[in-house]
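Asks: Take this sequence and fold it.
(one chain, ligands or ions: 1)
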Amino acid sequence: MTEKLLSDFFLGPLNLKNRVVMAPMTRARATADHIPTPIMAEYYGSRASCGLLISEGIAPAPAGAGYARMPGIWNQEQLDGWKSVTQAVHEKGGKIAAQIMHSGRVGHTKNMPQGAEVLGPSATTAPGEMYTDEAGPQPYPEAREMTHGEVEEAISAYVSAAENAVAAGFDAIELHGANGYLIEQFLAPVTNHRQDQWGGDFKKRARFVLQIATACAAAIGPEKVGIRLSPLGVFNGIEPWESLADDYIWLAEELGKLNLVYLHLVDHSSMGAPSVPSDLKQAMRASFQGAFILSGGYDAEHAEKALQEDQGELVAFGRPLIANPDLVERIAQGAAWNEPDFDTFYTPGPKGYNDYPLLSTGA
Ligand SMILES: Cc1cc2nc3c(=O)[nH]c(=O)nc-3n(C[C@H](O)[C@H](O)[C@H](O)COP(=O)(O)O)c2cc1C
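Replies: This is a model prediction of the structure:
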């Protein structure tokens, strides 16, 4: 039974035809210049049966484009590319949100436009290596600490990105506040050592995200702004801190006061990260006024159960949607799911991208 999962839902003004959300997933199929490609329109268009698609992380500015072939949304060519994507989704009756992701310290200049620098709240270095097309995996460079002016520029870049996303036909935006990228780098003490108004206690570390959310909501309407957060996340060198649970509950409440349309909670325990206790999830949900999106390791049965138990309003699926463009049809029919091919998650070109079999073609 997947009755609730397949039932419609009003996300602010958007009438979603079901509660299946495509989780944001970087697939590195844009050009080296961070321009969306035609195969991306086909990819998103073929998944339009989901109630809501959330795009891969999209850089708001050159300094935020730290990954190879990560798309951006700061120039006209990029906007034109995105218009083809949103049109392909809308033609099939779908809805799509743009995930705005500034990579911050998790980037390499070899992947970024000429002249862009790897920046962070403080001069810290992400652990491990970053893949580059030019020279393969490279150690992360140390981020340069952003000046006060650069922090303000970054906030403006999120706002321009939100406006550009609406101009390109996106139905909403999602601020990427999770997984160790710039917003979470401001939130976490391990990456934010600042002593000015952008660092110090949690209220100060959260000033960056709250100013972004406030300004984006003012620019495009709070009913078009969602946010993704990953409390207890350890990805990209983030480390939990003692008052984390209370801090995130407070943050959810502050974001709720801005009337944002949804809060998208990351729980990557299915990928080996610490699990997020259900009481923390529910406390954040209770503090936030908008819709709550669950994510991480769901199959149809667990998603239905979570919705029936009223743990959230919507459930996001990641890897299953890489391998099953027609996931909603498969859920409705109780059909088997294809397995994703990890080797082609981030490789250029259509292989492992637009070639997964559909039920209708006899998978
Ligand atoms: C290939 C790949 C790329 C991802 N890229 C992003 C991203 O750009 N932004 C983001 O918030 N999460 C990203 N994630 C995390 C997913 O949104 C999701 O939280 C994760 O895959 C767990 O859900 P699942 O178990 O349904 O796959 C990515 C995951 C995968 C597998």
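Asks: helix, strand or coil for the residue nearest to Q311 when sequence neighbours are not counted?
Replies: With C-beta to C-beta, 6 or more residues apart in numbering as the measure, L294 is the residue that lies nearest to Q311, at 6.1 Å, once sequence neighbours are left out. (Glycine included, C-beta is placed from N, CA and C.) What DSSP: H, G, I helix; E, B strand; the rest coil gives for L294 is strand.
Asks: what about the residue in the stretch 201-350 of the chain that the ligand sits nearest to, neighbour count?
Replies: Residue nearest to the ligand within the stretch 201-350 of the chain (C-beta to the nearest ligand atom): G318, separated by 2.7 Å. Counted with other C-beta atoms under 10 Å, residues neighbouring G318 total 21.
Asks: Now it, what are its backbone angles?
Replies: phi -100, psi -90 (degrees, to the nearest 10).
Asks: which non-adjacent residue is nearest it?
Replies: Going by C-beta to C-beta, 6+ apart, G318 has A23 as its nearest residue, at 3.8 Å.
Asks: Give me the distance between that neighbour and the ligand.
Replies: 3 Å (C-beta to the nearest ligand atom, to the nearest Å).
Asks: residues touching that residue, list them.
Replies: Neighbouring residues of A23 by C-beta atoms under 8 Å, 6 or more residues apart in numbering: I54, S295, A316, F317, G318, L321.
Asks: I'd like to know how many residues surround the residue nearest to Q311.
Replies: 24.
Asks: Would you mind listing what in the stretch 51-200 of the chain touches the ligand?
Replies: Listed as neighbours of the ligand in the stretch 51-200 of the chain under the rule C-beta under 6 Å from any ligand atom: E56, G57, Q99, M101, H176, A178, N179.
Asks: Of the residues you listed - the most surrounded one?
Replies: So for those (other C-beta under 10 Å), the most neighbours sit at M101, 32 neighbours.
Asks: just checking, that one touches I54?
Replies: No: taking contacts as C-beta atoms under 8 Å, M101 lies outside contact range of I54: 10.9 Å.
Asks: which residues are common contacts for the two?
Replies: Common contact partners of M101 and I54 (C-beta under 8 Å, 6+ apart): P24.
Asks: Pairing partners for the residue nearest to Q311 in the sheet, please.
Replies: Going by DSSP bridges, L294 is paired in beta bridges with V315.
Asks: Do you have the helices of the stretch 101-250 of the chain handy? List them.
Replies: Ranges of helices in the stretch 101-250 of the chain, per DSSP state H, counting those that start in this stretch, are 148-167, 182-187, 202-205, 207-220, 244-257.
Asks: Out of the ones you listed, which is closest to G12?
Replies: Between G12 and the helices of the stretch 101-250 of the chain, the tightest spacing by C-beta to C-beta is seen for helix 207-220, at 11.5 Å.
Asks: got the contact list for K83?
Replies: When contacts are counted by C-beta under 8 Å, 6+ apart, K83 touches A168, G169.
Asks: And the strand or helix carrying it, what's buried?
Replies: Element membership for K83, per DSSP states H and E: helix 76-91. Neighbour-count burial for helix 76-91, counted by 16 or more other C-beta atoms under 10 Å, picks out Q78, L79, G81, W82, K83, S84, V85, T86, A88, V89.
Asks: In TSV, list those along with pLDDT.
Replies: Shown next, in TSV, are the buried residues of helix 76-91 (pLDDT from 0 to 100):
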residue	pLDDT
Q78	98
L79	98
G81	98
W82	98
K83	98
S84	98
V85	98
T86	99
A88	98
V89	98
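Asks: Looking at the residues you listed, spot the one nearest E142.
Replies: Q78 (28.3 Å).
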